[in-house]
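J.: Have a look at this fold, sequence not included:
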């Protein structure tokens, strides 16, 4: 969990630990360290319950999709079987032509909670990571509900690690950038969110219990576009690192 | 799992067992038996991954909802936090006026699987139970995506037990009836499904991996309607028993 790639006492190394902070089990460092280049990072979390996404939560993206910002937050689920880790391959399923990237800030829930008031949201947040809310745009148009379009295998790259030290205020002004190969395609700031992290969690938890490890996706800025087999997509957020994934056909 | 309420050697009793047939752990009977009246049945399964529902899969229900049968199956997810067991209370959230029952046949997946051909579906089915796909009709209209409308807490009563002995052919001709109090409100047959169990599983698994314990909801016949606090709703399917739940306000 402690990943000191950006500095600290042991840059470019990771410390191993025992236990699971999301299962209420004490976490202890073993004292062991590994070079980052020698390990394969997996998704930092596989939710045991759910991933809740929010559509059109950046006004410029709502507008590029030909729509207004929804009056009520536009929520959708992705299943845990859609999760992959850093550098794992995003697979374009047979029958999909328009497979889009959507770089997003992801919130990881740390406590079982329901009907969380906005001001108590910091108590239920475990940390933050990066997500790519991969979307089959053609299935999204054809199906009505976004289940296949957003819930297919490999459609949720997460990582590379979890930052547990950010305040809500800090999280509200992070630069977010998505690159396809070397080309910058999305460039925004979490300050452009229509509804911030606290408001989203308060809204979702009004009728839905959130569990430790559940993930809230917070929406994507303008600039979404299609990935082709052979591409590599990178989502970068200040302080959270870069989430990179190659793309291939099924 | 062996529930001999409809006859057998030990009617109205249940046998206790160790292990978990959905976790690849050997299941053994302890030899112990309890009267059904002395135990509280929980939901027979809590999915570790997902519940996939299908909208408008009975032509007469599609028509009462003012729509055609969709060209592509209309899929949606419900989270495992929406599951309750027999006799547990369905809660109508604040802000919801039209909380509808939808009696349905539920399929429980028994094996990890993907891209299952129609003819091999029997290999991946663990068994069948009854579901009430509770739906907040006003949220369904307002939100666009059906996440809150179908995914809120208590919106998926399941049970009372799992029948692991039915063939696909038998499952295709079961009478299904939903009663609100004493009044019959839905009365149909699984033979009226637009797409049967095998076709649905083949379709969903084309791009989505299914895990043991995942649940497929197969749609509801005509006659859906609102439940009010104080009501009790009963869904009955031949050979699967009756799933009864009271309704209350939050």
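T.: The structure has been received and is ready for your questions. Remember, predicted model here, so these are calculated numbers, not experimental data.
J.: what about chain A, any weak spots by pLDDT?
T.: By pLDDT under 70, the low-scoring segments of chain A are A:1-11.
J.: Over to the spatially most distant residue from the centre of it: give its phi and psi.
T.: For chain A, the largest distance from the centre (CA atoms, centre = their mean) belongs to residue A:31, which lies 29.4 Å off. Backbone torsions of residue A:31, given as degrees, to the nearest 10, read phi 90, psi -10.
J.: same check, this time on residue A:163
T.: Dihedral angles for residue A:163 - degrees, to the nearest 10 - are phi -100, psi 120.
J.: cool, the one 3 residues further on as well?
T.: Note on residue A:166: backbone dihedrals following degrees, to the nearest 10 are phi -80, psi 140.
J.: Report how many residues lie close to it.
T.: Using other CB atoms under 10 Å in any protein chain shown, the number of residues around residue A:166 comes to 18. (Each C-beta comes from the backbone N, C-alpha and C, glycine too.)
J.: For it, which non-adjacent residue is spatially closest?
T.: residue A:128 (5.6 Å; CB to CB, 6 or more residues apart in numbering or on different chains).
J.: Any idea how far the strand or helix carrying the one you found is from the middle of the chain?
T.: Using DSSP states H and E, residue A:128 falls within strand A:125-132. Taking CA atoms, centre = their mean, to the nearest Å, the mean C-alpha location of strand A:125-132 is offset from the chain mean by 6 Å.
J.: Chain A: helices as residue ranges?
T.: All helices of chain A, identified by DSSP state H, fall at A:59-64, A:121-124, A:137-143, A:147-151, A:168-171, A:197-204.
J.: Who are the packing partners of the last one?
T.: Using 3 or more CB pairs under 8 Å, 6 or more residues apart in numbering or on different chains; DSSP states H and E as the contact test, the elements touching helix A:197-204 are strand A:103-109, helix A:121-124, helix A:168-171, strand A:215-217.
J.: quick one: that helix to strand A:125-132, angle?
T.: Orientation note: helix A:197-204 sits at an angle of 100 degrees relative to strand A:125-132 (axes from the mean of the first three to the mean of the last three CA atoms, to 10 degrees).
J.: If we go by neighbour counts, what in helix A:197-204 is buried?
T.: Using 16 or more other CB atoms under 10 Å in any protein chain shown as the test for burial, helix A:197-204 gives A:197, A:198, A:200, A:201, A:202, A:203, A:204.
J.: Name whatever forms a beta bridge with the most centrally placed residue in chain A.
T.: Centre of chain A computed as the mean C-alpha position; nearest residue by CA atoms, centre = their mean is residue A:131, 2.4 Å away. In this entry, residue A:131 is beta-bridged to residue A:104, residue A:158, by DSSP bridges.
J.: Name all residues that make contact with it.
T.: Residues near residue A:131 by CB atoms under 8 Å, 6 or more residues apart in numbering or on different chains: A:103, A:104, A:105, A:106, A:156, A:157, A:158, A:215, A:217, A:235, A:243.
J.: which of those lies closest to residue B:75?
T.: Comparing the contacts of residue A:131 against residue B:75 with CB to CB picks out residue A:156 as the nearest, at 16.8 Å.
J.: Could you report the distance from that closest one to residue B:115?
T.: Noted for residue A:156: a distance of 19 Å to residue B:115, by CB to CB, to the nearest Å.
J.: the more surrounded of those two?
T.: residue A:156 (28 against 14).
J.: Spell out which parts of chain A neighbour chain B.
T.: A:48-50, A:52, A:55, A:70-72, A:74-82, A:93-95, A:114, A:142-148, A:151-153, A:206-211 (CB under 8 Å from any CB of the partner chain).
J.: out of these, which are buried?
T.: A:49-50, A:52, A:55, A:70, A:74-82, A:93, A:143-148, A:151-153, A:206-211.
J.: Please report how far the residue nearest to the centre of chain A lies from residue A:160.
T.: 11 Å.
J.: which residues are in contact with both of the two?
T.: Jointly contacting residue A:131 and residue A:160 under the rule CB under 8 Å, 6+ apart are residue A:243.
J.: Show me the domain layout of chain A.
T.: For chain A, automatic domain parsing gives the domain ranges A:1-39, A:41-249.
J.: need those in a markdown table with distance to residue B:182, can you?
T.: Shown next, in a markdown table, are the domains of chain A (distance: least, CB to CB, whole Å):
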| stretch | distance to residue B:182 |
| --- | --- |
| domain A:1-39 | 46 |
| domain A:41-249 | 30 |
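J.: Which stretch among those is buried most, on average?
T.: When you average the neighbours per residue for each of the domains of chain A (mean count of other CB atoms under 10 Å in any protein chain shown), domain A:41-249 leads with a mean of 20.
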